[in-house]
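Trainee: Need coordinates for the below:
(one chain, ligands or ions: 1)
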Amino acid sequence: MQFRAVKGMNDILPNEVGRWHRLEGEFRSLVALYGYQEVRTPLLEHTDLFARSIGETTDVVEKEMFTFERSRESLTLRPEGTAGAARAYVAHKQHGREPVSRWYYLGPMFRAEQPQRGRYRQFHQAGCEVFGDRGPLVDAEMIDMLCTYLRRLGISGIEVSVNSIGGAGAREAYRERLLDFLRPRAGSLSPHARDRLEVNPLRVLDSKDERDQAAARDAPSILEVLEDEDRAHWEGLCASLDVLGIAYTVDPRLVRGLDYYTGTLFELNATSGDLGAQNTLVGGGRYDSMIETLGGPSVSAIGFAMGLERILLAMPDDTPASVPRCYVAPIGAPAQHASLLLARELRAAGVTVDLDGRGNSLRSMLRRADAIGARLCLVLGDSELEAGIVQVKDLGQHTQDRVDRGQVVDRVARLVATGSRQIATQPSGDEP
Ligand code: HAM
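Mentor: Reported below is the predicted structural model:
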């Protein structure tokens with residue numbers, strides 16, 4: 001019987017992993033420049049954490065969580081990283097250690113969505129969370145950092161959308177206005193939106209159902225009901241984005257699908273690459289009341305997360321150049337043992353080595369060395385052992401050289417480091 005991976009969960013094979021390393025490496029080095037430090041939280045959390053923070057009437061909590069019971073506890077595979085980071089922040093009393101904490105994370109998240117291009121059940125996010133900075137400078141810096149990141153990866157056609165959903169007062173006022181607008185249109189909403197209308201009317205605005213989108217098209221803008229403090233923050237954000245020269249669109253219908261947001265909201269989309277319908281690369285915003293909701297003090301927070309599978313779809317397909325490799329091809333048992341030691345010395349000198357221990361013919365070993373794109377092939381058999389040399393074949397230049405065993409590690413390390421495919425000395429021409 002053959003097993004398949006679970007629906008919506010993908011293997012990442014070694015030939016694909018180079019691109020993952022590239023985007024993860026760029027992310028780590030860029031966020032380090034902004035003072036972010038990595039946090040690693042468990043993949044499993046108590047279900048209540050997500051219900052409380054993300055919201056009972058969100059799609060994620062209502063329909064998409066992988067939840068199970070174990071020892072009478074309800075546990076859930078994390079659908080996102082913010083709730084776990086905030087829980088850890090409160091649990092470790094991080095607010096008592098420093099006034100501002102800048103955290104980042106990378107890792108798998110789980111949502112039981114209908115899989116399609118750019119949407120999976122296990123997917124990977126890279127995200128940042130800042131605790132203890134009310135902004136709006138930090139909000140703008142975050143968006144600027146994201147634009148830099150996407151550009152560094154060669155992603156073009158980046159579109160930034162921003163909105164503010166204000167504080168509790170503004171949201172309450174907006175809720176009433178939105179309900180007044182939507183109630184007469186309730187008949188044309190999707191059944192799901194109709195059921196949730198009174199409980200969570202904001203969700204109608206980010207529904208993917210065409211009926212809901214049509215009904216909400218002329219809905220009032222939340223920006224109209226912002227209170228003074230919200231407005232000052234919002235204007236501060238727009239002014240900072242202008243200073244940074246970031247082109248953005250104000251989208252008053254941007255509410256995002258998680259209930260914890262307060263104030264600033266943003267999304268980054270891209271038109272480059274092969275994204276299809278799922279073209280939101282990054283989503284984020286402020287969640288100034290979550291730390292208190294989770295039992296901590298009043299600490300403001302802002303963050304974002306991006307879907308790494310989507311970033312990969314948007315990135316140009318310039319696979320990073322592979323590390324130059326050196327193939328070691330021994331002929332006969334004594335040479336195999338000698339090769340073990342030679343390979344160890346080469347690796348200690350920083351050379352990537354494939355040792356062929358299969359006992360195959362020289363011809364087939366050379367074919368394999370060529371196939372994997374090795375730069376050099378080191379051949380040694382009984383006669384080389386006796387003469388105290390190694391045959392060094394340059395597979396790019398089609399040259400070869402007999403190199404003293406005592407010098408071969410140095411020579412190979414230098415050739416690989418300089419990127420040269422040429423053996424320095426005269427080709428000997430004698431095929432072993
Ligand atoms: P989110 O909008 O739910 O926000 O997800 C952020 C990003 O994760 C999306 O823009 C998308 O790129 C990716 N993503 C989400 N679901 C999937 C999926 N099923 N398959 C592939 N990619 C997906 C959050 O998760 C918030 N925690 C962001 C945040 C951090 N807000 C404040 N801090």
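Trainee: does residue 152 really touch residue 29, like I thought?
Mentor: No. Between residue 152 and residue 29 there is no contact under CB atoms under 8 Å: 9.5 Å. Where C-beta positions appear, they are placed from N, C-alpha and C, glycine not excepted.
Trainee: neighbour-wise, which of the two wins?
Mentor: Neighbours were counted for residue 152 and for residue 29 using other CB atoms under 10 Å; residue 152 has more, 14 against 10.
Trainee: Residues of the stretch 1-150 of the chain that sit close to the ligand?
Mentor: Contact residues (CB under 6 Å from any ligand atom) of the stretch 1-150 of the chain with the ligand: 80-82, 111, 113, 118-120, 123, 125, 127, 129.
Trainee: Oops, could you answer that again for the stretch 251-400 of the chain instead?
Mentor: Neighbours of the ligand within the stretch 251-400 of the chain, by CB under 6 Å from any ligand atom: 280-285, 287, 303-307, 309-310.
Trainee: got a winner among these for most neighbours?
Mentor: Counting neighbours by other CB under 10 Å, residue 285 leads those with 28 neighbours.
Trainee: Next, count neighbours for residue 116.
Mentor: 11.
Trainee: SS state for the nearest residue to it once chain neighbours are set aside?
Mentor: Residue nearest to residue 116 in three dimensions, not counting chain neighbours: residue 278, with 7.0 Å by CB to CB, 6 or more residues apart in numbering. Of the three states, residue 278 takes coil under DSSP: H, G, I helix; E, B strand; the rest coil.
Trainee: wait, doesn't residue 278 sit right on residue 309?
Mentor: No. Using CB under 8 Å, residue 278 is not in contact with residue 309, being 9.0 Å away.
Trainee: Name the residues contacting each of those two.
Mentor: Residues touching both residue 278 and residue 309 by CB atoms under 8 Å, 6 or more residues apart in numbering: residue 118.
Trainee: Nearest to residue 381 among the residues of the stretch 251-400 of the chain next to the ligand?
Mentor: For those, the residue nearest residue 381 by CB to CB is residue 309; the value is 47.7 Å.
Trainee: so that closest one is in which element?
Mentor: Assigned by DSSP states H and E, residue 309 falls within helix 308-314.
Trainee: re earlier: and the furthest pair within the residues of the stretch 251-400 of the chain next to the ligand?
Mentor: 287 and 309 (24.2 Å).
Trainee: Please save the CA atoms from the top helix by length along the chain in PDB.
Mentor: Criterion DSSP state H: the longest helix present in the chain is helix 14-33. Extracted C-alpha coordinates of helix 14-33, given in PDB (Å, rounded to 0.1, in the frame of the first residue of the first chain):
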ATOM      1  CA  PRO A  14      15.600  18.800  -1.800                       C
ATOM      2  CA  ASN A  15      15.500  20.300  -5.300                       C
ATOM      3  CA  GLU A  16      13.000  22.900  -4.200                       C
ATOM      4  CA  VAL A  17      14.500  23.700  -0.800                       C
ATOM      5  CA  GLY A  18      17.200  26.100  -2.200                       C
ATOM      6  CA  ARG A  19      14.500  28.700  -3.000                       C
ATOM      7  CA  TRP A  20      13.100  28.300   0.500                       C
ATOM      8  CA  HIS A  21      16.500  28.900   2.000                       C
ATOM      9  CA  ARG A  22      16.900  32.000  -0.100                       C
ATOM     10  CA  LEU A  23      13.600  33.600   1.100                       C
ATOM     11  CA  GLU A  24      14.100  32.500   4.700                       C
ATOM     12  CA  GLY A  25      17.700  33.700   4.700                       C
ATOM     13  CA  GLU A  26      16.700  37.100   3.200                       C
ATOM     14  CA  PHE A  27      13.900  37.400   5.800                       C
ATOM     15  CA  ARG A  28      16.200  36.600   8.800                       C
ATOM     16  CA  SER A  29      18.900  39.000   7.700                       C
ATOM     17  CA  LEU A  30      16.500  41.900   6.900                       C
ATOM     18  CA  VAL A  31      14.500  41.700  10.100                       C
ATOM     19  CA  ALA A  32      17.700  41.500  12.100                       C
ATOM     20  CA  LEU A  33      18.600  45.000  10.800                       C
END
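Trainee: Contacts for that helix, please.
Mentor: Applying CB under 8 Å, 6+ apart, the external contacts of helix 14-33 come out as 12, 38, 104, 106, 126, 128, 145, 148-149, 152-153, 308, 311-312, 315, 319-320, 322.
Trainee: Go ahead and build a ChimeraX selection from the buried members of the residues you listed.
Mentor: Selection command for ChimeraX covering only the buried members of the contacts of helix 14-33, criterion 16 or more other CB atoms under 10 Å:
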select :104,106,126,128,145,149,153,308,311,312,315
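Trainee: Narrow the contacts of helix 14-33 to those in helices?
Mentor: Among the contacts of helix 14-33, the residues falling in helices (DSSP H) are 145, 148-149, 152, 308, 311-312.
Trainee: low-confidence ranges in the stretch 101-250 of the chain?
Mentor: Within the stretch 101-250 of the chain, no range satisfies pLDDT under 70.
Trainee: Going along the chain, name the strands of it.
Mentor: Using DSSP state E, counting those that start in this stretch, the strands of the stretch 101-250 of the chain run over residues 101-110, 122-131, 158-164, 249-250.
Trainee: who does the shortest one touch, helix- and strand-wise?
Mentor: Read it as strand 249-250. Counting contacts by 3 or more CB pairs under 8 Å, 6 or more residues apart in numbering; DSSP states H and E, strand 249-250 is packed against strand 158-164.
Trainee: Spatially nearest residue to residue 6 (excluding sequence neighbours)?
Mentor: Once flanking residues are discounted, residue 6 sits nearest to residue 121: 7.1 Å by CB to CB, 6+ apart.
Trainee: what residues are up against the one you found?
Mentor: When contacts are counted by CB under 8 Å, 6+ apart, residue 121 touches 6-9, 66, 110-113, 115.
Trainee: and the residues you listed, which are buried?
Mentor: Among the contacts of residue 121, those buried by neighbour count (16+ other CB under 10 Å) are 8, 66, 110-113.
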